[in-house]
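# Curious how this folds, go ahead:
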Amino acid sequence: MKRIFALAMTLCILLSLNLPAMANAEQAEEITLRFAWWGDASRHDVYNKICDTFESMNLGVTIEREPNTFNAYFEKLATQVASGNAPDVFGMHARFATEFASRNVMEDLQPYVDQGIINLTDLDQPVIDSGKISNTLYMICQGVTLNEFLLNEDMCKRLDVEVPDVLEDWTWEEFVATCYDFREKALAAGEDVYFIDEPYQYNFFRIYLLSYGEELFNNDGTIGCTKERITQWFSMWQNMRNDDVIPDAASVTENVNATLETQMFTLGKCAVTNIPVNKLNQYQAQMTDNLRPLRSPLGNDGTRGVYIEGAHNCISSTIDDEHKLVAAKFLDFFTNSEECLKDLLIQQGTPANTQMSEYVLQFMDETQIEAMEYVKYTQPLASIGNMLPVGYSEMNTLYLGIREASDFAAMTPEEAAQAYLDGIQEILDKNSK
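Below you'll find the predicted structure:
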């Protein structure tokens, strides 16, 4: 009788954790997982609720939370990894994935998929592949998003400026022409506003390159763009600034570090900015004008530059097997659980699980649904993009510095392009040693 009772207790604990048979009762009793992520206060609230739910569904499991802002998060994570103190589960962005994978801190997740602990059945293959580096599955996608223009539709209507419909394409030439048309009509109406705030992000530069058949980097880690194309990029912005068609350099530089509430776009000083589409509802909540997505321009030959983005979750390779099993279950919960997705919604983009995309609609407001529908129709047209090499943080800093120098006319477009190529090559050479 005692033996039967003991077996029954062991089975109950295993079922409560929903772990494979290799787990045992002692492993299930008390487990503490450290979970790190980035975001603002609203995301911290959501993730804390998700952690609370997981704990309530898995007695004996405690989630120790380590939230942070985006930039501070990756700085801290780099320090933790270097000191051998990486969180058990941690968020990862594709921009930094190769760098952290090279430090051997990310667990290969395919064995957990093969054992059925992490279920990827309802994820599209490109979404699964976005978590792979050199064909090894290191990351599970939290959500799918796209970086696109965000348009103040009412502002354009008031000034009688024509822009493409929500799913209509246009070219970079048409984009530039619209910038001039908008500024001319705004000044004629007595409004000192612009069409766009000049997106500063490195990934927006990448969209431009991709739309002309180039890339930041090739798959082998070499530079994938030409001096001619980079020069054209800097020339486009410098020419428009010289013609007073985009804001002055000082205003743009200030806007880079502005909060959402104080950005030029939110304050109505321009009609377009560049954001991850899943943030549409956050901007709409700050403004009375109607906002909607607007596709990034195509290259003049019709090539599309937008690529799939989104945050992922990883498991530390340095923790013991007992913690890895529970961590794998936590990743599966994040991806496939209704209890998680009803709170997560589109915090990190459209749910990676296609079935969950339908389920969460009942909990979303109109603006969130609009964003998710946009991703749904545009994602099949987007590329995955090559994995970025080690040293992305330094490369991003380099690009921003050169972009600022170009904006203030401290460099010609040709000089900026050459400085970028020289600086990137130096970083690549340093990290290849």
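# hey, let's count contacts and neighbours off CA atoms from now on
OK.
# need the contact list for the residue most central in space within the chain.
For the chain, the residue sitting closest to the mean C-alpha position, by C-alpha atoms, centre = their mean, is residue 310 at 3.9 Å. Taking C-alpha atoms under 8 Å, 6 or more residues apart in numbering, we find residue 310 in contact with 93-94, 141-146, 348-349.
# Looking at the residues you listed, which is nearest residue 232?
The closest of the contacts of residue 310 to residue 232 turns out to be residue 146 (C-alpha to C-alpha; 24.0 Å).
# and the closest one, how many neighbours does it have?
By other C-alpha atoms under 10 Å, 23 other residues sit near residue 146.
# Wait, a helix at it?
No - Residue 146: not assigned to a helix; according to DSSP: H, G, I helix; E, B strand; the rest coil it is strand.
# And this structure, split by domain according to the record?
Domain assignment for the chain, taken from automatic domain parsing, gives 2-142+310-352, 146-308+386-432.
# Which parts of the stretch 101-250 of the chain are helices?
Listed in chain order, the helices of the stretch 101-250 of the chain (DSSP state H, counting those that start in this stretch) span 110-114, 125-129, 153-158, 172-188, 202-210, 227-242, 249-256.
# do the same with the stretch 301-433 of the chain
With helices called from DSSP H, counting those that start in this stretch, the stretch 301-433 of the chain shows them at 321-336, 338-344, 354-359, 366-378, 392-407, 413-432.
# looking at those, which is buried most?
Across these, averaging neighbours per residue (mean count of other C-alpha atoms under 10 Å) puts helix 321-336 on top, at a mean of 22.
# Centre of the chain to that one, how far?
Taking the mean of its C-alpha atoms, helix 321-336 sits 22 Å from the chain's own mean (C-alpha atoms, centre = their mean, to the nearest Å).
# looking at the domains of the chain, which is closest to residue 363?
Across those, residue 363 has its closest neighbour in domain 2-142+310-352 (6.6 Å, C-alpha to C-alpha).
# so how far is the closest one from its chain's centroid?
18 Å.
# Average pLDDT for that domain, rounded please.
Domain 2-142+310-352 carries an average pLDDT of 87.
# and if you look at stretch 208-223?
pLDDT averaged over stretch 208-223 gives 94.
# which parts of that stretch are buried?
Within stretch 208-223, the residues scored as buried using 16 or more other C-alpha atoms under 10 Å are 208-212, 214-218, 223.
# Tell me the one among these nearest to residue 47.
residue 216 (32.6 Å).
# Give me the nearest residue to that closest one, chain neighbours excluded.
In space, and not counting its chain neighbours, residue 216 is closest to residue 224: 5.1 Å by C-alpha to C-alpha, 6 or more residues apart in numbering.
# same check, this time on residue 263
Closest to residue 263 by C-alpha to C-alpha, 6+ apart is residue 255, at 5.8 Å.
# Could you report the pLDDT at the one you found?
93.
# before we move on, back to that, so can I have JSON lines of the domains of the chain showing distance to residue 370?
Shown next, in JSON lines, are the domains of the chain (distance: least, C-alpha to C-alpha, whole Å):
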{"stretch": "domain 2-142+310-352", "distance to residue 370": "11"}
{"stretch": "domain 146-308+386-432", "distance to residue 370": "8"}
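# and of these, who's closest to residue 376?
Shortest distance between residue 376 and the domains of the chain, using C-alpha to C-alpha, is found for domain 2-142+310-352: 7.9 Å.
# Beta-bridge partners for the spatially closest residue to residue 372 that is not a sequence neighbour, please?
Nearest residue to residue 372, sequence neighbours excluded (C-alpha to C-alpha, 6+ apart): residue 350, at 5.6 Å. For residue 350, the beta-bridge partners under DSSP bridges are residue 144.
# ok, residue 350 - contacts?
Contact analysis of residue 350 by C-alpha under 8 Å, 6+ apart lists 143-145, 278, 357, 372, 375-376.
# now, which of the residues you listed sits nearest residue 115?
Nearest to residue 115 among the contacts of residue 350, with distances taken as C-alpha to C-alpha, is residue 143, at 23.0 Å.
# So the closest one sits against residue 349, correct?
Yes - in this structure, residue 143 is within contact of residue 349 by C-alpha atoms under 8 Å, at 4.4 Å.
# so how many other residues sit close to residue 175?
18.
# tally of neighbours for residue 42?
The number of residues packed near residue 42 is 9, by other C-alpha under 10 Å.
# One more: the one 4 residues further on?
By the other C-alpha under 10 Å criterion, the neighbourhood of residue 46 contains 16 residues.
# Give the full set of residues in contact with it.
343-344.
# That one looks like it's in a helix, true?
Yes - judged by three-state DSSP, residue 46 forms part of a helix.
# which other residues reach stretch 412-430?
So stretch 412-430 is contacted by 222-223, 227-228, 230-235, 238, 389-391, 394-395, 398-399, 402-403, 405-406 (C-alpha under 8 Å, 6+ apart).
# Distance from that stretch to the middle of the chain?
In terms of C-alpha atoms, centre = their mean, the centre of stretch 412-430 is set 25 Å apart from its chain centre.
# Quick one: mean pLDDT over it.
For stretch 412-430, mean pLDDT is 97.
# Please export the C-alpha coordinates of that stretch as PDB.
The C-alpha trace of stretch 412-430 is given here as PDB (Å, rounded to 0.1, in the frame of the first residue of the first chain):
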ATOM      1  CA  THR A 412      29.500  64.300 -47.200                       C
ATOM      2  CA  PRO A 413      27.400  61.300 -48.200                       C
ATOM      3  CA  GLU A 414      30.400  59.800 -49.900                       C
ATOM      4  CA  GLU A 415      32.600  60.300 -46.800                       C
ATOM      5  CA  ALA A 416      29.800  58.900 -44.600                       C
ATOM      6  CA  ALA A 417      29.600  55.700 -46.800                       C
ATOM      7  CA  GLN A 418      33.300  55.100 -46.700                       C
ATOM      8  CA  ALA A 419      33.500  55.700 -43.000                       C
ATOM      9  CA  TYR A 420      30.700  53.200 -42.500                       C
ATOM     10  CA  LEU A 421      32.400  50.500 -44.600                       C
ATOM     11  CA  ASP A 422      35.800  51.100 -43.000                       C
ATOM     12  CA  GLY A 423      34.400  51.000 -39.500                       C
ATOM     13  CA  ILE A 424      32.300  47.900 -40.100                       C
ATOM     14  CA  GLN A 425      35.300  46.000 -41.600                       C
ATOM     15  CA  GLU A 426      37.400  46.900 -38.700                       C
ATOM     16  CA  ILE A 427      34.800  45.500 -36.300                       C
ATOM     17  CA  LEU A 428      34.500  42.300 -38.300                       C
ATOM     18  CA  ASP A 429      38.200  41.900 -38.500                       C
ATOM     19  CA  LYS A 430      38.600  42.400 -34.700                       C
END
